[in-house]
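# Here's my sequence, what's the structure:
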Amino acid sequence: MTQYATLEPSPLNAADLERNFQEIHPALTSREAVIEANRCLFCYDAPCTHACPTHIDIPGFIKKIATENTRGSAKVILESNFLGSTCARVCPVQELCEGACVLGSDHKPIEIGRLQRFATDYVLERKLDLFKPAKATGKKIVVIGAGPAGLSCAAELAKRGHSVTVLEKKPLAGGLSTYGIVVFREPVEISLAEVDMVKRLGVEIKTGITVGEDVQIADLQQQYDAIFISIGLGNVPKLGIPGENLGGVVDGIDFIELTKTSPYSSIPVGKKVAIIGAGNTAIDAATIAKRLGATRVTMVYRRSESEMTAYGFEYEFAKQEGIEYRFLTAPVAIHGDSSGIKTLECVQMKLGTPDASGRPRPEIVQGSNHMLEVDMVITAIGQNKQLELAQALGLEMQNGYIVTDAGNHTSNPKVFAGGDCVRVKGDASTVMAVQDGKIAAKSITAMLERAAIAND
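Numbers count the residues shown, from 1 in each chain. Coordinates of the predicted model:
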């Protein structure tokens, strides 16, 4: 779907682009971090810790910052979340820890995310290794997919003394943290520094490896004591409308990836851009287009504002960027010629009875066709499921996702799974993927220990 041939590179100069893609929130200075940490009430049975999917001892790490023990603070964080630096940047803290802060009702909540970033970046920048593997167990585990769930699982298994090999089909490890999170939220260097931290625990990470082509599932089942699958999801599905093969129709995930792998000045962008969808990926793509120099960016969504899947704070951020919204609007055709897109034909929608997602079903208002003048269309309407691996292992599936129990165990006795590929319901996020990896590592270790006892 991604076709850039009819588009020109960003019209902005290098200095403006560099400024536009700097991290949104600057790092705290040591003095700022200590002052902010001393605002914390250090609650007993703290609501913020309960709200964190990885259950970081938030008052504990903040108290160590207040006493200027930054290394100790980082260790508290990484004990619960080995990808703490990524999560400090990309977690929806307004919905989680900061949203639960007791100071939030009457005062400004503690800036937990920025304090976490302060502590974990201290470790990453100095390449400090705060953990060592336990005595080798002789057990071998293969992790398929080097995204947040896979890296988290690999790190926790390595800390327990297991031998871990991670297989990743992309040239770089890190998954969405490396390729799919906009650079002004997380620079690629942070993700790769966390990958290196996992490697220094003794984890072997092999990139450019496609399971089913470069290695076979049957061989992995024979060679390893357990398998953890963390393959995420695929690219954006087709819209299924006329004209989507014209130049200028772009996959939103590919578009975001360009900002992580290419010079900003080389990234093609239209002047008048339409984004199809209203999730977090759609907002990221819209914001990138605007910051690359698009003069008008319009998000087209077939439901209403209240049905958006994007976080509320992301929606407000996009509006502040000058991005327009057309709710209850759906594309039906893309018009243009060999020189590119000219218009996006849309129809108005109305909401009917709830569909399988529980949201009101959008229905076309007959005779409401109208044109939106655009020269680029970015699609961000969800992601295709990657079913081949799960099918090859004979795993139980539900709506295209791998079914797991509370311990992230699949229907195959040797196979565990986590991350977006198991998120049948609930929010898919980096921090949930990290927690999936932790849970699976604990379950895998328990299974191996039971097997060892049974074999004695």
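# Excluding covalently adjacent residues, which one is nearest to Ser152?
Distance criterion C-beta to C-beta, 6 or more residues apart in numbering; nearest residue to Ser152, sequence neighbours excluded, is Gly437 at 2.9 Å. Bear in mind the C-beta positions are built from the backbone N, C-alpha and C, glycine included.
# Shouldn't that neighbour be within a helix?
Yes - with DSSP: H, G, I helix; E, B strand; the rest coil as the criterion, Gly437 is part of a helix.
# if I pick Gly382, what's in contact with it?
Contacts for Gly382 were tallied using C-beta atoms under 8 Å, 6 or more residues apart in numbering; they are Val236, Pro237, Gly277, Gly279.
# which residues of the stretch 51-200 of the chain fall in strands?
With DSSP state E, counting those that start in this stretch, the ranges of strands along the stretch 51-200 of the chain come out as 140-144, 163-168.
# Would you map the helices across the stretch 151-300 of the chain?
For the stretch 151-300 of the chain, the helices defined by DSSP state H, counting those that start in this stretch occupy 176-179, 188-199, 217-223, 252-261, 280-292.
# In CSV: the ones you listed, plus mean pLDDT and distance to Gly150.
Output for those, formatted as CSV (pLDDT from 0 to 100; distance: least, C-beta to C-beta, whole Å):
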stretch, mean pLDDT, distance to Gly150
helix 176-179, 93, 11
helix 188-199, 97, 9
helix 217-223, 95, 14
helix 252-261, 93, 18
helix 280-292, 95, 20
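# would TSV of those with distance to Glu324 be doable?
Compiled in TSV, the helices of the stretch 151-300 of the chain are given as follows (distance: least, C-beta to C-beta, whole Å):
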stretch	distance to Glu324
helix 176-179	27
helix 188-199	29
helix 217-223	47
helix 252-261	17
helix 280-292	9
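# Show me what the longest strand seen in the chain is packed up against.
Across the chain, the longest stretch assigned as strand under DSSP state E is strand 340-354. The elements that strand 340-354 packs onto, with contact taken as 3 or more C-beta pairs under 8 Å, 6 or more residues apart in numbering; DSSP states H and E, are strand 329-337, strand 360-364, strand 370-373, strand 376-379.
# tell me the most buried of those strands?
Across the helices and strands packed on strand 340-354, averaging neighbours per residue (mean count of other C-beta atoms under 10 Å) puts strand 376-379 on top, at a mean of 28.
# one step back: quick one, what contacts the residue nearest to Ser152?
Contacts of Gly437 (C-beta under 8 Å, 6+ apart): 148-156, 228, 230, 418-419.
# Among those, the buried ones, what's the ChimeraX command?
Here is the ChimeraX command that selects the buried residues among those (16 or more other C-beta atoms under 10 Å):
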select :148,149,150,151,152,153,154,155,156,228,230,418,419
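# Closest one to Gln383 out of the contacts of Gly437, please.
Gly419 (12.2 Å; C-beta to C-beta).
# if we can go back for a sec, list buried members of the contacts of Gly382 by neighbour count.
Applying 16+ other C-beta under 10 Å to the contacts of Gly382, the neighbour count classes Val236, Gly277, Gly279 as buried.
# if I look at the residue lying closest to Met371 once chain neighbours are set aside, how far off is Val374?
Counting by C-beta to C-beta, 6+ apart, Met371 lies nearest to Thr343, which is 4.4 Å off, once chain neighbours are set aside. In this view, Thr343 and Val374 are 7 Å apart by C-beta to C-beta, to the nearest Å.
# And Val211, by the same measure?
39 Å.
# Over to Arg71?
Counting by C-beta to C-beta - Arg71 and Val374 are separated by 51 Å.
# Between the two, tell me which one has more neighbours.
Val374 (27 against 13; other C-beta atoms under 10 Å).
# so what's that one up against?
Shown in contact with Val374 (C-beta under 8 Å, 6+ apart): Gly270, Lys272, Val273, Ala274, Thr298, Ile341, Lys342, Thr343, Leu344.
# Tell me how many other residues crowd the first one.
This points to Gly270. For Gly270, using other C-beta under 10 Å, the count is 26.
# before we move on, the earlier item: got JSON lines for the contacts of Gly437, with distance to Arg185 too?
Listed next are the contacts of Gly437 as JSON lines, based on distance: C-beta to C-beta, whole Å:
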{"residue": "Pro148", "distance to Arg185": "14"}
{"residue": "Ala149", "distance to Arg185": "19"}
{"residue": "Gly150", "distance to Arg185": "21"}
{"residue": "Leu151", "distance to Arg185": "18"}
{"residue": "Ser152", "distance to Arg185": "19"}
{"residue": "Cys153", "distance to Arg185": "24"}
{"residue": "Ala154", "distance to Arg185": "24"}
{"residue": "Ala155", "distance to Arg185": "22"}
{"residue": "Glu156", "distance to Arg185": "25"}
{"residue": "Phe228", "distance to Arg185": "27"}
{"residue": "Ser230", "distance to Arg185": "21"}
{"residue": "Gly418", "distance to Arg185": "22"}
{"residue": "Gly419", "distance to Arg185": "19"}
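# and of the contacts of Gly437, the nearest to Phe131?
For the contacts of Gly437, the nearest to Phe131 is Ala155 (8.1 Å; C-beta to C-beta).
# shouldn't that closest one be in contact with Arg200?
No - using C-beta atoms under 8 Å, Ala155 is not in contact with Arg200, being 10.0 Å away.
# Low-confidence regions, the chain specifically.
The chain contains residues with pLDDT under 70 at 1-2, 424-428, 456.
# Residue ranges of each domain in it, please.
The chain breaks down by automatic domain parsing into domains covering 8-14+235-379, 38-126, 140-234+385-455.
# Run the chain-centre distance for the first one.
In other words, domain 8-14+235-379. Chain-centre distance of domain 8-14+235-379: 19 Å, with C-alpha atoms, centre = their mean, to the nearest Å.
# End to end on it, go ahead and measure it.
19 Å (C-alpha to C-alpha, to the nearest Å).
# Also the last one?
The straight-line separation of the ends of domain 140-234+385-455 (C-alpha to C-alpha) is 17 Å.
# what do you get for the second one?
End-to-end distance of domain 38-126: 25 Å, with C-alpha to C-alpha as the criterion.
# partner residues bridging the residue nearest to Met371?
Assessed by DSSP bridges, Thr343 has beta-bridge partners His335, Glu373.
# Now Glu305. Nearest residue, chain neighbours left out?
The shortest distance from Glu305 to any non-neighbouring residue, by C-beta to C-beta, 6+ apart, is to Phe327 (5.6 Å).
# I'd say that neighbour and Ser306 touch.
No - using C-beta under 8 Å, Phe327 is not in contact with Ser306, being 9.3 Å away.
# So for these two, which sits in the more crowded spot?
Phe327 (17 against 9).
# Distance of that one relative to Cys346?
For Phe327, the distance to Cys346 (C-beta to C-beta) stands at 11 Å.
# Okay, helices next: where are they in the stretch 1-150 of the chain?
14-20, 30-37, 47-51, 58-66, 70-80, 84-90, 97-100, 112-126, 148-159.
# between these, which gets nearest to Ile323?
helix 14-20 (14.1 Å).
# got the CA positions of the closest one in PDB?
Output of helix 14-20 as PDB, limited to C-alpha atoms (Å, rounded to 0.1, in the frame of the first residue of the first chain):
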ATOM      1  CA  ALA A  14      17.100  20.700   8.400                       C
ATOM      2  CA  ALA A  15      17.200  23.000  11.400                       C
ATOM      3  CA  ASP A  16      13.400  23.300  11.500                       C
ATOM      4  CA  LEU A  17      13.000  19.500  11.100                       C
ATOM      5  CA  GLU A  18      15.500  18.800  13.800                       C
ATOM      6  CA  ARG A  19      13.600  21.100  16.200                       C
ATOM      7  CA  ASN A  20      10.200  19.600  15.200                       C
END
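# That's all I had, so thanks and see you.
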